[in-house]
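Enquirer: Sequence plus the predicted model coming up.
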Amino acid sequence: MKRFLFAVAMTMAILIGLAQAQLAFDPNQVAILHWYAANQTAAVSVGNAPEGVAFDGANLWVANQSDNTVTKLRASDDTTLGVFNVGTNPCGEVFDGANVWVANYTDGTVSKLRASDGTTLGTFSVGAGPCYLSFDGTNIWVANYRSNNVMELRASDGKLLGTFTASAPYGIAFDGANIWVANNSSNNVLKLRASDGKLLGTFNVGHTPTGMAFDGANMWVANSGDNTVTKLRVSNGAVLGTFAVGHFPIGVTCDDLHIWVANNQDSTVTKLSASGGALGTFSVGVQPGAITFDGTNVWVANAGGNTVSKL
């Protein structure tokens, strides 16, 4: 009888254990190797002090600030496809559908590279300290940090179409109709109508705003001075929330459902839900800054480690 009761007890314990395990174990996740919210699959070596990243639909382009080069990586397998010379101290990049544009901070220029083979198609003078770029479907917008302005260039030939006042502009993003500019020194962002550059609003955010990203309805702004991100409704600039992240956030990107923030001084990336809830913090390389999403993975440029992390 004792043996029978013992056997029953053991069976019940096993069944309970299996039931508990089932709650935490999803075979579908194992099948696709997604055991947690972000899986660091690669740390890829690039040039010195990578500061910018852009995705062209198949490849990742990395601006190596200390080398005055751009590295082209195949996103599917991390293979280096080429290294191309640009201007002095390149940082921000953007893809226009056919070409990659690179902001050369110390030169006061932007380089236009053909994405298919890296050929330089033009180098265009802009303001002092161009740092980040955005594309509105027709034109390239350049944030000139030291000139306190934003310039609009025609993507087809680099012709200057307009210059608009800002305040140490750093991050810049397009929402489908308007250009948003993070004023690093005045703790606010500008909303400019892309068609003519008209100022549509100035909205307060956190301290020392840097990178920005559009999620389809809202603009997310990284505030490097107070370790937060601000969520703004693009229709009217209303603040929908301010959320704590890591130390000195710089870059922001969005995937289909989440917001990813590169925390420069923590060597981490914070993942937020669309409502702003924290979903995880993941270690990357040293001094992450620029960050982008390729449709499958999040890529992070680690300026202090001469690598890009692939999450």
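Expert: Alright, I've got the coordinates.
Enquirer: quick one: contacts for the residue nearest to Asn64 when sequence neighbours are not counted?
Expert: In space, and not counting its chain neighbours, Asn64 is closest to Gly47: 2.7 Å by CB to CB, 6 or more residues apart in numbering. Every residue, glycine included, has its C-beta placed from N, CA and C. Contacts for Gly47 were tallied using CB atoms under 8 Å, 6 or more residues apart in numbering; they are Val62, Asn64, Ser66, Asp67, Thr69, Thr71, Val83, Asn306.
Enquirer: quick one: contacts for the second one?
Expert: So that's Asn64. Val46, Gly47, Asn48, Ala49, Pro50, Glu51, Val70, Thr71, Pro90.
Enquirer: Show me which of those is closest to Cys131.
Expert: For Cys131, the nearest member of these is Glu51. The distance, counting by CB to CB, is 8.8 Å.
Enquirer: Does the closest one belong to a helix, a strand or coil?
Expert: At Glu51 the chain is in strand, as set by DSSP: H, G, I helix; E, B strand; the rest coil.
Enquirer: circling back to that earlier point, can you flag which of the contacts of Gly47 belong to strands?
Expert: The members of the contacts of Gly47 that map onto strands under DSSP state E are Val62, Asn64, Thr69, Thr71, Val83.
Enquirer: need those in JSON lines with pLDDT, can you?
Expert: Below are these laid out as JSON lines (pLDDT from 0 to 100):
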{"residue": "Val62", "pLDDT": "98"}
{"residue": "Asn64", "pLDDT": "98"}
{"residue": "Thr69", "pLDDT": "98"}
{"residue": "Thr71", "pLDDT": "98"}
{"residue": "Val83", "pLDDT": "98"}
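Enquirer: Go through those and single out the one with the most neighbours.
Expert: If you count neighbours using other CB atoms under 10 Å, the busiest of these is Val62, which has 26 neighbours.
Enquirer: what separates that one from Leu121, distance-wise?
Expert: Distance of Val62 to Leu121, given as CB to CB, to the nearest Å: 19 Å.
Enquirer: Then Asn183?
Expert: With distances taken as CB to CB, Asn183 is found 31 Å from Leu121.
Enquirer: Repeat that for Gly237.
Expert: In terms of CB to CB, Gly237 sits 36 Å off from Leu121.
Enquirer: Comparing these two, which residue is more hemmed in?
Expert: The residue with more neighbours, out of Gly237 and Leu121, is Gly237; 19 against 14, by other CB under 10 Å.
Enquirer: pretty sure Val229 contacts Val252?
Expert: Yes. Contact criterion CB atoms under 8 Å: Val229 and Val252 qualify, at 6.5 Å.
Enquirer: what is in contact with the two at once?
Expert: Common contacts of Val229 and Val252 (CB under 8 Å, 6+ apart): Trp220, Val221, Ala222, Ile259, Val261.
Enquirer: ok but the third one is inside a helix, no?
Expert: No. Ala222: not assigned to a helix; according to three-state DSSP it is strand.
Enquirer: So what's the residue count around the closest residue in space to it that isn't next to it in sequence?
Expert: Sequence neighbours aside, Pro249 is the residue nearest to Ala222 in space, at 4.0 Å (criterion: CB to CB, 6+ apart). Counted by other CB under 10 Å, the residues lying close to Pro249 total 34.
Enquirer: Could you do Ser125 as well?
Expert: Other residues within reach of Ser125, judged by other CB under 10 Å, total 12.
Enquirer: now the one 5 residues further on
Expert: Under the neighbour criterion other CB under 10 Å, Pro130 is assigned a count of 32.
Enquirer: Leaving out chain neighbours, which residue sits closest to it?
Expert: Counting by CB to CB, 6+ apart, the residue nearest Pro130 is Ala103, at 4.0 Å.
Enquirer: Over to Asn223?
Expert: With CB to CB, 6+ apart as the criterion, Asn223 has its nearest non-adjacent residue at 2.8 Å, and that residue is Gly206.
Enquirer: doesn't Leu232 make contact with the one you found?
Expert: No. With contacts defined as CB under 8 Å, Gly206 does not count as touching Leu232, sitting 11.2 Å away.
Enquirer: if we can go back for a sec, dump the contacts of Asn64 into TSV; add distance to Leu200 as well.
Expert: Converted to TSV, the contacts of Asn64 look like this (distance: CB to CB, whole Å):
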residue	distance to Leu200
Val46	38
Gly47	38
Asn48	40
Ala49	36
Pro50	34
Glu51	30
Val70	33
Thr71	37
Pro90	31
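Enquirer: now, among those, which is nearest to Val189?
Expert: Nearest to Val189, judged by CB to CB, of the contacts of Asn64 is Glu51 at 21.2 Å.
Enquirer: If I look at that closest one, what pLDDT would I see?
Expert: Each residue has a pLDDT score; the one for Glu51 is 95.
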